[in-house]
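Enquirer: Got a predicted structure plus its sequence, pasted below:
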Amino acid sequence: MSMAKPPQQKAKLPKSEIKAGFNRETVDLSIDQIVLLKVVAPAARKSPKYHQILASIREVGIIEPPVVSRVRGKYALLDGHLRLEALKELGETEVTCLVSTDDEAFTYNKHINRLSTVMEHKMILRAIERGVPEAKIAAALNIEIRSIVTKRDLLNGICHEAAELLKDKIIPIATFPILKRMKSFRQIEAATLMNDANTYSRTYARMLLAATPKDQLVDPENPKKIRGLDEDQMARMESEMESLQREYRLIEENYGKDVLNLTLTKGYLGSLLGNAKVVRYLVQNHSDILAQFQKIADITSLAKEATA
(Lines give C-alpha, C1' and ligand atoms only; values in the text may rest on other atoms or scores of the structure.)
Protein backbone atom coordinates (compact mmCIF):
# COMPACT_ATOMS: atom_id res chain seq x y z
CA MET A 1 0.00 0.00 0.00
CA SER A 2 1.60 3.22 -1.14
CA MET A 3 1.29 6.32 0.92
CA ALA A 4 -0.15 9.40 -0.71
CA LYS A 5 2.40 12.09 -1.37
CA PRO A 6 1.83 15.33 0.49
CA PRO A 7 0.70 18.15 -1.79
CA GLN A 8 3.59 20.27 -3.03
CA GLN A 9 3.59 23.82 -1.83
CA LYS A 10 3.86 26.51 -4.43
CA ALA A 11 7.09 28.43 -4.33
CA LYS A 12 6.56 31.87 -2.88
CA LEU A 13 7.67 34.78 -4.94
CA PRO A 14 10.18 37.06 -3.25
CA LYS A 15 8.61 40.08 -1.68
CA SER A 16 9.40 43.28 -3.50
CA GLU A 17 8.07 46.76 -3.12
CA ILE A 18 6.56 48.54 -6.10
CA LYS A 19 7.28 52.21 -5.93
CA ALA A 20 4.21 54.35 -6.62
CA GLY A 21 4.59 57.08 -9.22
CA PHE A 22 2.50 59.54 -7.18
CA ASN A 23 1.81 60.33 -3.55
CA ARG A 24 -1.51 58.99 -2.28
CA GLU A 25 -2.73 62.44 -1.26
CA THR A 26 -3.29 65.35 -3.63
CA VAL A 27 -2.22 68.85 -2.67
CA ASP A 28 -4.07 72.16 -3.09
CA LEU A 29 -1.68 74.80 -4.39
CA SER A 30 -1.86 78.46 -5.24
CA ILE A 31 -1.28 78.79 -8.99
CA ASP A 32 1.31 81.52 -8.33
CA GLN A 33 3.52 79.18 -6.32
CA ILE A 34 3.82 76.59 -9.11
CA VAL A 35 7.06 76.86 -11.08
CA LEU A 36 6.56 76.42 -14.85
CA LEU A 37 9.16 74.39 -16.69
CA LYS A 38 8.19 75.84 -20.07
CA VAL A 39 6.40 78.89 -21.39
CA VAL A 40 3.08 78.41 -23.19
CA ALA A 41 3.42 80.09 -26.58
CA PRO A 42 0.69 82.53 -27.72
CA ALA A 43 -0.05 80.21 -30.66
CA ALA A 44 -0.87 77.40 -28.21
CA ARG A 45 -3.57 79.57 -26.61
CA LYS A 46 -5.23 79.90 -30.01
CA SER A 47 -5.17 76.17 -30.75
CA PRO A 48 -8.36 74.02 -30.83
CA LYS A 49 -6.87 71.82 -28.09
CA TYR A 50 -6.51 74.79 -25.72
CA HIS A 51 -10.06 76.00 -26.38
CA GLN A 52 -11.38 72.48 -25.79
CA ILE A 53 -9.54 72.32 -22.44
CA LEU A 54 -10.86 75.79 -21.58
CA ALA A 55 -14.45 74.79 -22.39
CA SER A 56 -14.15 71.50 -20.50
CA ILE A 57 -12.85 73.19 -17.32
CA ARG A 58 -15.56 75.88 -17.56
CA GLU A 59 -18.30 73.24 -17.79
CA VAL A 60 -17.15 70.38 -15.53
CA GLY A 61 -13.97 71.58 -13.82
CA ILE A 62 -10.56 69.87 -13.76
CA ILE A 63 -10.88 66.16 -14.58
CA GLU A 64 -7.17 65.28 -14.69
CA PRO A 65 -5.19 67.22 -12.06
CA PRO A 66 -1.88 68.78 -13.12
CA VAL A 67 1.26 66.88 -12.05
CA VAL A 68 3.89 68.61 -9.92
CA SER A 69 7.14 67.57 -8.28
CA ARG A 70 8.76 68.96 -5.13
CA VAL A 71 12.05 70.65 -5.99
CA ARG A 72 13.94 72.43 -3.18
CA GLY A 73 10.80 73.36 -1.33
CA LYS A 74 8.95 74.47 -4.47
CA TYR A 75 6.52 72.72 -6.79
CA ALA A 76 7.63 72.32 -10.41
CA LEU A 77 4.92 71.63 -13.00
CA LEU A 78 5.65 68.42 -14.91
CA ASP A 79 2.37 68.09 -16.80
CA GLY A 80 -0.64 70.37 -17.28
CA HIS A 81 0.67 73.67 -18.65
CA LEU A 82 -2.39 74.25 -20.86
CA ARG A 83 -4.74 73.35 -18.00
CA LEU A 84 -2.96 75.86 -15.77
CA GLU A 85 -3.22 78.58 -18.45
CA ALA A 86 -6.93 77.86 -18.82
CA LEU A 87 -7.44 78.15 -15.05
CA LYS A 88 -5.66 81.51 -15.07
CA GLU A 89 -7.88 82.72 -17.93
CA LEU A 90 -10.97 81.65 -15.98
CA GLY A 91 -9.78 83.64 -12.95
CA GLU A 92 -8.98 80.66 -10.71
CA THR A 93 -6.25 81.10 -8.11
CA GLU A 94 -5.88 77.55 -6.72
CA VAL A 95 -5.67 74.08 -8.19
CA THR A 96 -5.58 70.51 -6.86
CA CYS A 97 -2.45 68.69 -8.06
CA LEU A 98 -0.97 65.21 -8.08
CA VAL A 99 2.52 65.08 -6.55
CA SER A 100 4.93 62.93 -8.52
CA THR A 101 7.62 60.91 -6.74
CA ASP A 102 9.81 61.36 -9.82
CA ASP A 103 11.16 64.62 -11.16
CA GLU A 104 11.30 63.59 -14.81
CA ALA A 105 10.08 66.58 -16.81
CA PHE A 106 8.18 64.77 -19.56
CA THR A 107 4.54 64.90 -20.58
CA TYR A 108 2.63 62.00 -19.07
CA ASN A 109 -0.08 62.31 -21.69
CA LYS A 110 2.38 61.18 -24.36
CA HIS A 111 2.13 57.71 -22.82
CA ILE A 112 -1.69 57.57 -23.11
CA ASN A 113 -3.39 56.23 -26.24
CA ARG A 114 -5.73 58.56 -28.04
CA LEU A 115 -9.44 57.84 -27.68
CA SER A 116 -10.63 55.88 -30.71
CA THR A 117 -13.61 57.05 -32.79
CA VAL A 118 -15.84 54.16 -31.69
CA MET A 119 -14.88 54.56 -28.02
CA GLU A 120 -15.64 58.29 -28.20
CA HIS A 121 -19.09 57.38 -29.58
CA LYS A 122 -19.66 54.97 -26.68
CA MET A 123 -18.51 57.56 -24.15
CA ILE A 124 -20.93 60.17 -25.52
CA LEU A 125 -23.75 57.62 -25.72
CA ARG A 126 -23.18 56.58 -22.09
CA ALA A 127 -23.22 60.21 -20.93
CA ILE A 128 -26.52 60.81 -22.76
CA GLU A 129 -28.02 57.64 -21.26
CA ARG A 130 -27.09 58.93 -17.80
CA GLY A 131 -29.04 62.14 -18.42
CA VAL A 132 -26.28 64.56 -19.44
CA PRO A 133 -27.79 67.04 -21.95
CA GLU A 134 -26.24 66.99 -25.41
CA ALA A 135 -25.72 70.76 -25.19
CA LYS A 136 -23.61 70.35 -22.04
CA ILE A 137 -21.48 67.63 -23.67
CA ALA A 138 -20.98 69.85 -26.72
CA ALA A 139 -19.97 72.78 -24.51
CA ALA A 140 -17.52 70.62 -22.54
CA LEU A 141 -15.89 69.34 -25.75
CA ASN A 142 -16.06 72.76 -27.44
CA ILE A 143 -17.90 71.40 -30.48
CA GLU A 144 -21.33 72.00 -32.05
CA ILE A 145 -24.38 70.01 -30.95
CA ARG A 146 -24.79 68.55 -34.45
CA SER A 147 -21.34 66.98 -34.06
CA ILE A 148 -22.52 65.34 -30.84
CA VAL A 149 -25.60 64.01 -32.67
CA THR A 150 -23.39 62.64 -35.48
CA LYS A 151 -21.08 60.90 -32.98
CA ARG A 152 -24.09 59.63 -31.01
CA ASP A 153 -25.53 57.94 -34.11
CA LEU A 154 -22.12 56.83 -35.42
CA LEU A 155 -22.80 53.06 -35.33
CA ASN A 156 -26.43 53.13 -36.44
CA GLY A 157 -26.36 50.91 -39.52
CA ILE A 158 -22.93 49.41 -38.72
CA CYS A 159 -23.01 45.71 -37.81
CA HIS A 160 -21.53 44.60 -34.47
CA GLU A 161 -18.70 42.56 -36.05
CA ALA A 162 -17.47 45.50 -38.15
CA ALA A 163 -17.69 47.82 -35.15
CA GLU A 164 -15.56 45.38 -33.12
CA LEU A 165 -12.92 45.31 -35.88
CA LEU A 166 -12.72 49.12 -35.83
CA LYS A 167 -13.26 49.80 -32.12
CA ASP A 168 -9.66 50.77 -31.31
CA LYS A 169 -8.86 52.70 -34.51
CA ILE A 170 -8.69 56.42 -35.18
CA ILE A 171 -11.14 56.75 -38.07
CA PRO A 172 -12.55 59.86 -39.78
CA ILE A 173 -16.26 60.35 -39.05
CA ALA A 174 -16.90 60.65 -42.81
CA THR A 175 -15.83 57.02 -43.34
CA PHE A 176 -18.82 55.56 -41.46
CA PRO A 177 -21.64 56.82 -43.75
CA ILE A 178 -19.86 55.09 -46.65
CA LEU A 179 -19.67 51.79 -44.73
CA LYS A 180 -23.38 52.11 -43.91
CA ARG A 181 -24.20 51.82 -47.61
CA MET A 182 -22.85 48.24 -47.55
CA LYS A 183 -24.55 45.11 -46.22
CA SER A 184 -23.23 43.58 -42.99
CA PHE A 185 -20.93 40.92 -44.48
CA ARG A 186 -19.45 43.51 -46.87
CA GLN A 187 -18.90 45.90 -43.94
CA ILE A 188 -16.89 43.15 -42.23
CA GLU A 189 -14.82 42.61 -45.39
CA ALA A 190 -14.23 46.36 -45.76
CA ALA A 191 -13.23 46.73 -42.09
CA THR A 192 -10.81 43.80 -42.45
CA LEU A 193 -9.25 45.34 -45.58
CA MET A 194 -8.90 48.68 -43.77
CA ASN A 195 -7.13 47.00 -40.85
CA ASP A 196 -4.83 45.05 -43.17
CA ALA A 197 -3.90 48.22 -45.08
CA ASN A 198 -3.89 50.35 -41.89
CA THR A 199 -5.85 52.93 -43.89
CA TYR A 200 -9.20 54.35 -42.74
CA SER A 201 -9.61 57.46 -44.88
CA ARG A 202 -12.84 58.51 -46.59
CA THR A 203 -11.10 58.17 -49.96
CA TYR A 204 -10.13 54.54 -49.27
CA ALA A 205 -13.67 53.76 -48.07
CA ARG A 206 -15.06 55.25 -51.29
CA MET A 207 -12.74 53.02 -53.31
CA LEU A 208 -14.02 49.99 -51.40
CA LEU A 209 -17.56 51.15 -52.09
CA ALA A 210 -16.76 51.49 -55.78
CA ALA A 211 -15.45 47.90 -55.78
CA THR A 212 -18.57 46.57 -54.02
CA PRO A 213 -21.05 44.62 -56.19
CA LYS A 214 -24.58 46.00 -56.24
CA ASP A 215 -26.02 42.94 -54.50
CA GLN A 216 -23.81 43.72 -51.49
CA LEU A 217 -25.23 47.23 -51.08
CA VAL A 218 -28.07 48.12 -48.70
CA ASP A 219 -29.83 49.92 -51.56
CA PRO A 220 -28.78 48.25 -54.83
CA GLU A 221 -31.01 50.59 -56.88
CA ASN A 222 -29.16 53.66 -55.61
CA PRO A 223 -26.30 54.06 -58.11
CA LYS A 224 -22.77 54.39 -56.75
CA LYS A 225 -21.47 57.82 -57.75
CA ILE A 226 -17.73 58.11 -57.24
CA ARG A 227 -16.11 61.27 -58.53
CA GLY A 228 -13.63 60.49 -61.31
CA LEU A 229 -14.97 56.97 -61.99
CA ASP A 230 -17.54 55.96 -64.58
CA GLU A 231 -19.63 52.76 -64.53
CA ASP A 232 -17.16 50.78 -66.65
CA GLN A 233 -14.26 51.67 -64.34
CA MET A 234 -16.29 50.70 -61.27
CA ALA A 235 -17.22 47.39 -62.90
CA ARG A 236 -13.52 46.67 -63.50
CA MET A 237 -12.77 47.58 -59.87
CA GLU A 238 -15.43 45.12 -58.69
CA SER A 239 -13.88 42.36 -60.78
CA GLU A 240 -10.33 43.17 -59.63
CA MET A 241 -11.41 43.37 -55.98
CA GLU A 242 -13.13 39.98 -56.21
CA SER A 243 -9.97 38.47 -57.72
CA LEU A 244 -7.80 40.13 -55.07
CA GLN A 245 -9.96 38.79 -52.25
CA ARG A 246 -9.75 35.25 -53.66
CA GLU A 247 -5.96 35.49 -53.75
CA TYR A 248 -5.91 36.94 -50.24
CA ARG A 249 -8.02 34.07 -48.86
CA LEU A 250 -5.74 31.56 -50.61
CA ILE A 251 -2.64 33.14 -49.06
CA GLU A 252 -4.35 33.24 -45.66
CA GLU A 253 -5.19 29.52 -45.87
CA ASN A 254 -1.62 28.52 -46.80
CA TYR A 255 0.24 30.98 -44.58
CA GLY A 256 0.62 28.68 -41.56
CA LYS A 257 1.78 25.74 -43.68
CA ASP A 258 4.27 27.93 -45.57
CA VAL A 259 5.78 29.33 -42.35
CA LEU A 260 6.13 25.80 -40.91
CA ASN A 261 7.90 24.58 -44.06
CA LEU A 262 10.19 27.59 -44.02
CA THR A 263 11.02 26.99 -40.34
CA LEU A 264 11.93 23.35 -41.02
CA THR A 265 13.95 24.32 -44.10
CA LYS A 266 15.81 27.00 -42.17
CA GLY A 267 16.73 24.53 -39.42
CA TYR A 268 17.88 21.88 -41.91
CA LEU A 269 20.02 24.34 -43.89
CA GLY A 270 21.54 25.62 -40.63
CA SER A 271 22.72 22.12 -39.72
CA LEU A 272 23.83 21.47 -43.32
CA LEU A 273 25.98 24.59 -43.38
CA GLY A 274 27.54 23.48 -40.11
CA ASN A 275 29.23 20.65 -42.03
CA ALA A 276 32.62 21.86 -43.30
CA LYS A 277 32.77 19.29 -46.13
CA VAL A 278 29.40 20.36 -47.50
CA VAL A 279 30.34 24.04 -47.36
CA ARG A 280 33.69 23.33 -49.09
CA TYR A 281 31.92 21.43 -51.87
CA LEU A 282 29.36 24.22 -52.39
CA VAL A 283 32.08 26.89 -52.45
CA GLN A 284 33.96 24.99 -55.17
CA ASN A 285 30.99 23.95 -57.31
CA HIS A 286 27.82 25.92 -56.46
CA SER A 287 28.75 29.26 -54.86
CA ASP A 288 25.51 30.88 -56.03
CA ILE A 289 23.42 28.20 -54.28
CA LEU A 290 25.56 28.56 -51.13
CA ALA A 291 24.77 32.29 -51.02
CA GLN A 292 21.02 31.57 -51.14
CA PHE A 293 21.33 28.85 -48.48
CA GLN A 294 23.17 31.26 -46.18
CA LYS A 295 20.52 33.94 -46.73
CA ILE A 296 17.76 31.52 -45.67
CA ALA A 297 19.76 30.24 -42.66
CA ASP A 298 20.38 33.83 -41.50
CA ILE A 299 16.68 34.77 -41.39
CA THR A 300 15.91 36.11 -37.91
CA SER A 301 12.18 36.81 -38.25
CA LEU A 302 10.02 34.50 -40.36
CA ALA A 303 7.02 36.81 -39.98
CA LYS A 304 9.05 39.77 -41.29
CA GLU A 305 10.35 37.77 -44.26
CA ALA A 306 6.87 36.41 -45.04
CA THR A 307 5.40 39.92 -45.25
CA ALA A 308 8.36 41.52 -47.03
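Expert: Done, it's in.

Enquirer: Could you use CA atoms for every contact and neighbour count after this?
Expert: Noted.

Enquirer: domains for this structure, by residue range?
Expert: 27-103, 113-154, 233-307 (automatic domain parsing).

Enquirer: With mean pLDDT and mean neighbour count as new columns, can those be given to me in TSV?
Expert: As requested, those are exported to TSV (pLDDT from 0 to 100; neighbours: other CA atoms under 10 Å):
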stretch	mean pLDDT	mean neighbour count
domain 27-103	88	16
domain 113-154	86	16
domain 233-307	75	13
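
Enquirer: Looking at these, which is nearest to residue 199?
Expert: Comparing the domains of the chain against residue 199 with CA to CA, the closest turns out to be domain 113-154 (14.2 Å).

Enquirer: Give me the contacts around the helix or strand residue 288 falls within.
Expert: Secondary structure from DSSP states H and E places residue 288 in helix 287-297. For helix 287-297, the external contacting residues (CA atoms under 8 Å, 6 or more residues apart in numbering) are 266, 267, 269, 270, 273, 279, 282, 283.

Enquirer: okay if I get the residues you listed as CSV plus secondary structure?
Expert: Shown next, in CSV, are those (DSSP: H, G, I helix; E, B strand; the rest coil):
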residue, secondary structure
266, helix
267, helix
269, helix
270, helix
273, coil
279, helix
282, helix
283, helix
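
Enquirer: how about TSV for the domains of the chain, with distance to residue 183 added?
Expert: Output for the domains of the chain, formatted as TSV (distance: least, CA to CA, whole Å):
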stretch	distance to residue 183
domain 27-103	37
domain 113-154	16
domain 233-307	15
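
Enquirer: now residue 23: how far from residue 32?
Expert: Relative to residue 32, residue 23 is positioned 22 Å away (CA to CA, to the nearest Å).

Enquirer: now swap in residue 160 and tell me
Expert: For residue 160, the distance to residue 32 - CA to CA - is 51 Å.
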